[in-house]
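**Student:** Have a look at this fold, sequence not included:
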């Protein structure tokens, strides 16, 4: 039954990664601000 963990876990992890990237872009406004260049 380990495959249920993969079936549920992989989309959840991918969704978390996408939401995290969207949140980072929304909060920061720019992925590469001038202070890091």
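**Tutor:** Yep, it's here. Treat the numbers as computed from the prediction; the structure is a model and nothing was measured.

**Student:** Next, count neighbours for residue 20.
**Tutor:** By other Cβ atoms under 10 Å, 10 other residues sit near residue 20. (Glycine included, C-beta is placed from N, CA and C.)

**Student:** ugh, typo on my part, it should be residue 15
**Tutor:** The burial count for residue 15: 10, using other Cβ under 10 Å.

**Student:** mind checking how far residue 8 is from residue 14?
**Tutor:** 12 Å (Cβ to Cβ, to the nearest Å).

**Student:** Kindly apply the preceding question to residue 4 instead.
**Tutor:** The gap separating residue 4 from residue 14 is 17 Å, by Cβ to Cβ.

**Student:** got it, and residue 26?
**Tutor:** Distance, residue 26 to residue 14, by Cβ to Cβ: 19 Å.

**Student:** for residue 6, same thing?
**Tutor:** In this view, residue 6 and residue 14 are 12 Å apart by Cβ to Cβ.

**Student:** can you tell me the helix or strand for residue 24?
**Tutor:** helix 2-28 (DSSP states H and E).

**Student:** So which elements touch that helix?
**Tutor:** Counting contacts by 3 or more Cβ pairs under 8 Å, 6 or more residues apart in numbering; DSSP states H and E, there are no secondary-structure elements packed against helix 2-28.

**Student:** Good, we can wrap up now.
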